[in-house]
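Visitor: following is a predicted model, sequence given first.
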Amino acid sequence: MARRTKPKSPKEATSTSSGQAPSTGSGQAPSTGSGQADQPGAANAVDSQETNSAPIPTRGPQFGEPAPTPDPTKFTVRHGSDSQAYKILDSQKGTLQPRPFPISADAEPTLTLAEALGPKGTDIESAITKAGQIVFHSIGDTGNTKGPHDMELVADKMVSDYIETNPRGVPSFLYHLGDVVYSFGESQYYYDQFYDPFRNYPAPIFAVPGNHDGMVAPNSSATTLAAFLDNFCAIGQPPHRTPESGGLVRTAQVQPGVYFTLEVPFVRILGLYSNCLEDPGVISNQGGTYASLTDTQLNYLEAALQRIKKEKFAGAVLIAVHHPPYVAVTQSPKMNTGRHGGSPFMLKDIDTACTNTGVWPHAVLSGHAHNYQRFTRLLGNRETPFIVAGNGGHALQSLTRHGSPTLRTPAFQGPLSNGNDKIVFENYDDTEYGYLRIIADSQQLRIEYHPASDGDAAKTPDDFVTVDLASRTIVRYALPTAD
């Protein structure tokens with residue numbers, strides 16, 4: 001495993017320590033009855049739930065309130081209008097550049113689930129492995145500037161997944177696909193848009209930043225990604241709650257940077273930061289097109305894939321990146337398929353790393369477009385799901401204009417092909433919020449889409465796909481053997 005050290009940045013460096021957490025011993029969510037790493041005593045001042053204006057030290061990682069609390073009905077900090085800022089940004093279209101970000105000293109910055117969980121993390125990982133599968137959530141674009149309702153709808157539905165008759169079905173963590181806080185990742189909105197909506201989520205939350213997490217408002221002196229780094233990338237620091245948490249029971253995450261490998265039983269997630277442009281996503285300087293960037297992330301991706309090959313890792317390999325390589329298109333230029341487009345040059349960078357190493361992902365997960373879309377890429381003998389899960393609570397974007405014909409799936413998407421592959425648009429949801437529930441074992445990867453409107457009354461996905469790990473082809477899901 002790559003050694004983790006503090007990331008270095010052209011302008012700043014930030015990072016975290018792997019503070020440590022609890023165990024259920026059942027291979028399920030890493031929470032105790034209180035959702036905390038260490039059970040704080042009633043007289044323990046540092047673990048009190050008072051609003052904090054400075055970091056609060058804790059004895060280990062903490063995830064979720066000790067007992068469920070009612071959903072908020074309004075924000076604590078009113079979100080002002082960003083219309084003037086967007087007018088300025090719109091006038092600068094075509095001239096805006098991606099921004100430099102903290103660079104890790106390691107070729108492959110890595111974090112394990114056990115390290116994020118704390119002293120009992122190894123035991124929890126062993127229990128998951130013994131159980132024969134891991135379950136986790138993924139979601140993107142959750143931050144809402146108008147109010148908490150839509151974010152809470154999704155978060156509450158995910159929390160209901162922790163009520164399971166079979167402990168093997170309980171999720172172990174949430175992987176956020178970016179755009180945690182709108183519109184410019186400001187620290188003053190982290191409480192309302194992240195900590196409060198997920199206050200009852202009883203497990204670790206990891207994330208790659210989205211464009212809004214890295215954007216800087218015009219005429220602002222803010223540093224790109226500053227609040228994201230404080231709240232997600234606290235490597236090297238003792239366990240603590242940040243001021244943004246407002247006293248809620250969730251400690252800063254211990255990621256080694258904005259791009260990193262997350263190792264969990266049966267799965268490796270290679271997270272990339274696609275930077276702060278509205279479109280396209282960018283992970284390299286693209287041959288000098290973006291002089292502000294280096295090819296650090298391409299080198300990281302190749303190092304991660306090469307290690308998978310060297311170690312003969314047989315589990316699921318996922319790539320997580322905020323901007324989607326694909327979004328649905330139609331034959332008529334008069335028809336609109338949503339405001340956000342795909343990122344073909346970013347995909348070309350990913351393909352180059354995969355070709356150079358001979359290792360390809362089993363699936364690619366993204367957000368950014370505010371809806372759910374699932375594609376299958378047919379390349380060689382591989383069938384790879386590309387999934388957009390950007391309907392996590394911020395907003396919903398229809399794939400067609402009012403009055404336009406409804407899109408029918410499945411359908412080939414010729415304009416998305418690079419000439420060597422075929423892209424099939426398999427399914428979509430542009431009318432409801434929702435999230436992904438992902439299950440992996442030693443032989444297969446299953447990705448389910450659940451709409452939030454189902455609430456806790458239904459646990460049947462509206463869409464799903466299963467990939468055979470050995471052949472990298474889409475197959476029928478094989479139910480695990482009953483206990």
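Guide: Thanks, I have the structure now.
Visitor: all strands for the stretch 1-150 of the chain, in order.
Guide: 56-57, 110-112, 134-139 (DSSP state E, counting those that start in this stretch).
Visitor: and the first one, which strands flank it?
Guide: Neighbouring strands of strand 56-57 in its sheet, by DSSP bridges, are strand 240-241 (antiparallel).
Visitor: and what of the last one?
Guide: When pairing is defined by DSSP bridges, strand 134-139 lines up against strand 174-176 (parallel), strand 434-440 (antiparallel).
Visitor: what's the closest non-adjacent residue to D196?
Guide: P72 (5.7 Å; CB to CB, 6 or more residues apart in numbering). Using the backbone N, CA and C atoms, a C-beta is placed for each residue, glycine as well.
Visitor: isn't that neighbour up against Y195?
Guide: No. Contact criterion CB atoms under 8 Å: P72 and Y195 do not qualify, at 10.9 Å.
Visitor: quick one: which of those two has more around it?
Guide: More neighbours surround Y195 than the other of P72 and Y195, with 19 against 16 (other CB atoms under 10 Å).
Visitor: how much space separates that one from V208?
Guide: In this view, Y195 and V208 are 19 Å apart by CB to CB, to the nearest Å.
Visitor: go on, P385?
Guide: 18 Å.
Visitor: what's the end-to-end length of stretch 88-104?
Guide: The straight-line separation of the ends of stretch 88-104 (CA to CA, to the nearest Å) is 33 Å.
Visitor: average pLDDT for it?
Guide: For stretch 88-104, mean pLDDT is 91.
Visitor: now do the buried residues in it.
Guide: Residues 89, 98-104 are the ones in stretch 88-104 that count as buried (16 or more other CB atoms under 10 Å).
Visitor: for those, which one is nearest T352?
Guide: Nearest to T352 among these is P98, at 18.5 Å by CB to CB.
Visitor: phi, psi of the closest one?
Guide: Backbone torsions of P98, given as degrees, to the nearest 10, read phi -60, psi 160.
Visitor: pretty sure G210 is touching V321, no?
Guide: No. G210 is beyond contact range of V321, at 9.7 Å (criterion: CB under 8 Å).
Visitor: list the beta-bridge partners for L445.
Guide: According to DSSP bridges, the residues that bridge with L445 are A440, V467.
Visitor: check N427 too.
Guide: With DSSP bridges as the rule, N427 is bridged to R374.
Visitor: now do the contacts for it.
Guide: Residues near N427 by CB atoms under 8 Å, 6 or more residues apart in numbering: 372-374, 409-410, 449, 463.
Visitor: filter these down to the buried ones, ChimeraX style.
Guide: Selecting only the buried entries of the contacts of N427 in ChimeraX, with 16+ other CB under 10 Å as the criterion:
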select :372,373,374,449,463
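Visitor: list the ones among the contacts of N427 that fall in strands.
Guide: 372-374, 449, 463 (DSSP state E).
Visitor: would you reformat these as JSON lines and include distance to V154?
Guide: Listed next are those as JSON lines, based on distance: CB to CB, whole Å:
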{"residue": "Y372", "distance to V154": "12"}
{"residue": "Q373", "distance to V154": "17"}
{"residue": "R374", "distance to V154": "18"}
{"residue": "Y449", "distance to V154": "12"}
{"residue": "D463", "distance to V154": "16"}
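Visitor: for those residues, which one is nearest V170?
Guide: The nearest member of the ones in strands among the contacts of N427 to V170, counting by CB to CB, is Y449 at 19.0 Å.
Visitor: show me the beta-bridge partners of the closest one.
Guide: L436, D463.
Visitor: hmm, it is touching T460, no?
Guide: No. In this structure, Y449 is not within contact of T460 by CB under 8 Å, at 10.9 Å.
Visitor: any stretches of this structure with poor pLDDT?
Guide: By pLDDT under 70, the low-scoring segments of the chain are 1-51, 331-338, 482-483.
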